[in-house]
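Chemist: No letters, just coordinates:
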C-alpha cells in the first residue's frame, strides 16, 4: 500500500533527478564552450577543416559558427 507521503517522495526524487541532469548538461555545455577545449579540439585531425574546401562549404561552416555563437551568447544571458 502506497501512502501519500511515499508518492510525494517519489515525485521529489524525480524532480531532483531532473534538476541534476539539467545541471550536468549545463556544466558539460559550459566546458565544451571554453576556449581551452575549443583549442584542443581544433588540434585534433577529426575537427580540423581543410584549407582547400569549396567556398560554399566554407560559407556554410561560417554560418554554423555564427549560429552557435549566438546560441551560446543567448544561453549565457539567461
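Modeler: Alright, I've got the coordinates. What you are looking at is a predicted structure, and each value in this text was computed from that prediction instead of being measured. Residues are numbered from 1 along each chain as shown.
Chemist: just the helices in this protein please.
Modeler: Secondary structure of the chain (DSSP state H): helices at 4-32, 35-43, 55-77.
Chemist: would you list these in JSON lines and tack on mean neighbour count and mean pLDDT?
Modeler: For every residue, glycine as well, the C-beta is placed using N, CA and C. Shown next, in JSON lines, are those (neighbours: other Cβ atoms under 10 Å; pLDDT from 0 to 100):
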{"stretch": "helix 4-32", "mean neighbour count": "10", "mean pLDDT": "79"}
{"stretch": "helix 35-43", "mean neighbour count": "10", "mean pLDDT": "85"}
{"stretch": "helix 55-77", "mean neighbour count": "10", "mean pLDDT": "86"}
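Chemist: residues contacting the residue nearest the centre of the chain?
Modeler: By Cα atoms, centre = their mean, the chain has its centre lying nearest to residue 29, at 3.3 Å. Applying Cβ atoms under 8 Å, 6 or more residues apart in numbering, we find residue 29 in contact with residue 75.
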